[in-house]
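**Student:** Prediction below, plus the sequence it came from.
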Number of protein chains: 2
Amino acid sequence: MKTLFQYNWQVRDDWFSWCEDVPEDELLKARTGGVGGILKTLFHIVDVEYSWIRLLQGKAEFDESFEGYNSLEKVRDLSRRFHSEVQPFVMTWTSEMEFKDFTFEDGDKLKHGEIMRHVIAHEIHHIGQLSVWAREIAREPVTANLIDRGLFN
Amino acid sequence: MKTLFQYNWQVRDDWFSWCEDVPEDELLKARTGGVGGILKTLFHIVDVEYSWIRLLQGKAEFDESFEGYNSLEKVRDLSRRFHSEVQPFVMTWTSEMEFKDFTFEDGDKLKHGEIMRHVIAHEIHHIGQLSVWAREIAREPVTANLIDRGLFN
């Protein structure tokens, strides 16, 4: 599971670098599908990962909106800031945590391991959307390959 | 890891059902991004999962092209047929297989666990692309949520 988080973090950073060469109006432009834009998607990925990890730690989730983070620099900074809290949680994950209950305010329960996999799939799914929008503006997307990233060395 | 394969299989089946209500010309239409079309993407997902699993088993990969499978029924049948071979391999996976070497013809090596995660991420990424194209034809995409699918019961 750690490998897939590390994959997501690498790919996300690759997309931030990719964004450097794209005019900001293209990054902010409203698009069809997903949450509706390139930077908005990166913000959403950062927000959702952090918020779930916060909930699993019994802390408050992040509840700010994209409007306060509508530039590459702001989203990237947010990602870095949250990463310093997310990364240690993921890297100290143990198999005993898999079936630990997470209880919502309404009493609904999910297992911690289920939520962690939801977070993984969430990011990969949204990155797939970015790859379509990249081609729409005639740019090559970041590779989605997991192999050849040195993740198993 | 099994959970993420099961997630992919459920989501793929949901997309096959989703396709039933979409005119075939929309399913076959050339689109921007990914492998360039809805059914072509589903074929590609099925092909890539099966081919890697075959390679890990020391068998020949699938090398037919989409042209022979250009209908919903054909791609769905292929997915079912391949699933009967993929599913037992995934469900009997053990942690000892993670760091087993896979050696390519040119001598390059990857770990089995790395390839399995590549296959997982590959499908989720391409499904994200389908979700954009669904919105382009004004249809609600299949949910990408991993939670609430009963995968951890």
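**Tutor:** Happy to help now that I have it. In this text the structure is predicted, and so the values were computed from the model without any measurement. Numbers count the residues shown, from 1 in each chain, chains lettered A, B, ... in the order given.
**Student:** Residues of chain A that sit close to chain B?
**Tutor:** A:1, A:3-4, A:7, A:32-34, A:99, A:110-111, A:113-115, A:117-118, A:120-122, A:124-129, A:131-136, A:141, A:144-147, A:151-152 (C-beta under 8 Å from any C-beta of the partner chain). In short, each C-beta sits where N, CA and C put it, glycine included.
**Student:** so where does residue A:102 fall, helix or strand?
**Tutor:** In this structure, residue A:102 sits in strand A:101-103 according to DSSP states H and E.
**Student:** residue contacts, the closest residue to chain B within chain A?
**Tutor:** Of all residues in chain A, residue A:128 sits closest to chain B, at 2.2 Å by C-beta to the nearest C-beta. Neighbouring residues of residue A:128 by C-beta atoms under 8 Å, 6 or more residues apart in numbering or on different chains: A:144, B:34, B:124, B:125, B:126, B:127, B:128, B:129, B:131.
**Student:** can you tell me which of those residues lies nearest to residue B:82?
**Tutor:** Ranked by distance to residue B:82 (C-beta to C-beta), the contacts of residue A:128 are led by residue B:126 at 15.8 Å.
**Student:** which residues of chain A fall in strands?
**Tutor:** A:101-103, A:109-111 (DSSP state E).
**Student:** ok so, going back, using PyMOL, define a selection of the buried residues within the contacts of residue A:128.
**Tutor:** Buried subset of the contacts of residue A:128, written as a PyMOL selection, criterion 16 or more other C-beta atoms under 10 Å in any protein chain shown:
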select buried, (chain A and resi 144) or (chain B and resi 34+124+125+126+127+128+129+131)
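**Student:** can you list the contacts of residue A:128 in TSV and add distance to residue A:91 and pLDDT?
**Tutor:** Shown next, in TSV, are those (distance: C-beta to C-beta, whole Å; pLDDT from 0 to 100):
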residue	distance to residue A:91	pLDDT
A:144	23	98
B:34	32	97
B:124	22	98
B:125	24	98
B:126	28	98
B:127	27	98
B:128	26	98
B:129	30	98
B:131	30	98
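**Student:** what about the nearest residue to residue A:91 once chain neighbours are set aside, how many neighbours?
**Tutor:** Nearest residue to residue A:91, sequence neighbours excluded (C-beta to C-beta, 6 or more residues apart in numbering or on different chains): residue A:2, at 6.3 Å. Using other C-beta atoms under 10 Å in any protein chain shown, residue A:2 has 12 neighbouring residues.
**Student:** With residue A:146 instead?
**Tutor:** Residue A:146: 26 neighbours (other C-beta under 10 Å).
**Student:** Could I get the pLDDT score of the residue nearest to it when sequence neighbours are not counted?
**Tutor:** Ranked by C-beta to C-beta, 6+ apart and with sequence neighbours excluded, the top spatial neighbour of residue A:146 is residue B:118, at 4.0 Å. On pLDDT, residue B:118 comes in at 98.
**Student:** Look up how far residue B:70 lies from residue B:118.
**Tutor:** Counting by C-beta to C-beta, to the nearest Å, the gap from residue B:118 to residue B:70 is 26 Å.
**Student:** Between those two, which is the more surrounded one?
**Tutor:** Set residue B:118 next to residue B:70 and count neighbours by other C-beta under 10 Å: residue B:118 wins out with 21 against 16.
**Student:** Which residues are in contact with that one?
**Tutor:** So residue B:118 contacts A:145, A:146, A:147, B:52 (C-beta under 8 Å, 6+ apart).
**Student:** which ones among those are found in helices?
**Tutor:** Using DSSP state H, the subset of these located in helices is residue B:52.
**Student:** Of the contacts of residue B:118, which is the most crowded?
**Tutor:** residue A:146 (26 neighbours).
**Student:** residues contacting that one?
**Tutor:** A:3, A:4, A:7, B:114, B:117, B:118, B:121, B:122.
**Student:** can you pull the pLDDT of the residue nearest the centre of chain A?
**Tutor:** Per C-alpha atoms, centre = their mean, the C-alpha nearest to the average position across chain A is that of residue A:45, at 3.2 Å. The model reports residue A:45 with a pLDDT of 98.
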